[in-house]
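Q: sequence below, structure please.
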Amino acid sequence: MTSTATASFTVDKWEPQATDEFAGNELGRVVIAKTFTGTVEGTSEVELLTVNNATSRAYVGFERLEVSVDGRKGSFVLHHTADEESGMTLKIVTGSGAGELTGIAGTAIIEIDGDDHHLTLNYRL
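A: Residues are numbered from 1 along each chain as shown. I've put the predicted structure just below:
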């Protein structure tokens, strides 16, 4: 049975770590920290690898969450992928759950509306 948990979040840190130029592509690395409030409560740290060029952009990353989900405390890792054609995909890494979130599986959606950031987590435990 799939459950849904939601949260608003703030971006507490956005730190570009490095950039490089390769054949018209800008390659970068960004570290992000977030705080979640709602039925997902806690913090996370994200590491992204990015690429931008004249016609597209994409990223891949991993987000380590230390949170409670519907009152269960633990941690897990989200795998991020995004590009201009496919959009954003967020998937819980199989086997990454710990604590009361051991065995968690599922997907997530991030929605950004101006300064408002929201996470919807569709999960199974």
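Q: centroid-wise, who is the farthest residue in this protein?
A: In the chain, the residue that sits farthest from the middle, by C-alpha atoms, centre = their mean, is residue 23; the gap is 28.6 Å.
Q: quick check: neighbours of the longest strand anywhere in the chain in the sheet, parallel or antiparallel?
A: In the chain, assigned by DSSP state E, the strand with the most residues is strand 3-22. Applying DSSP bridges, strand 3-22 is found paired with strand 25-38 (antiparallel), strand 116-124 (antiparallel).
Q: mean pLDDT, mean neighbour count and distance to residue 14 added to these, as JSON lines?
A: Using the backbone N, CA and C atoms, a C-beta is placed for each residue, glycine as well. Formatted as JSON lines, the strands paired with strand 3-22 follow (pLDDT from 0 to 100; neighbours: other C-beta atoms under 10 Å; distance: least, C-beta to C-beta, whole Å):
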{"stretch": "strand 25-38", "mean pLDDT": "96", "mean neighbour count": "16", "distance to residue 14": "6"}
{"stretch": "strand 116-124", "mean pLDDT": "96", "mean neighbour count": "17", "distance to residue 14": "12"}
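Q: could you dump those to CSV with distance to residue 69?
A: Output for the strands paired with strand 3-22, formatted as CSV (distance: least, C-beta to C-beta, whole Å):
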stretch, distance to residue 69
strand 25-38, 10
strand 116-124, 7
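Q: what's the closest of these to residue 56?
A: Using C-beta to C-beta as the measure, strand 25-38 is the one of those that comes nearest residue 56, at 9.5 Å.
Q: quick one: low-confidence ranges for this structure?
A: For the chain, applying pLDDT under 70 flags no range at all.
Q: residue contacts, residue 82?
A: Applying C-beta atoms under 8 Å, 6 or more residues apart in numbering, we find residue 82 in contact with 58, 59, 60, 88, 89.
Q: now swap in residue 79 and tell me
A: Counting by C-beta under 8 Å, 6+ apart, residue 79 has contacts 61, 62, 90, 91, 92, 93.
Q: ditto for residue 46
A: Contacts of residue 46 (C-beta under 8 Å, 6+ apart): 30, 31, 32, 33, 34, 61, 62, 63, 64, 80.
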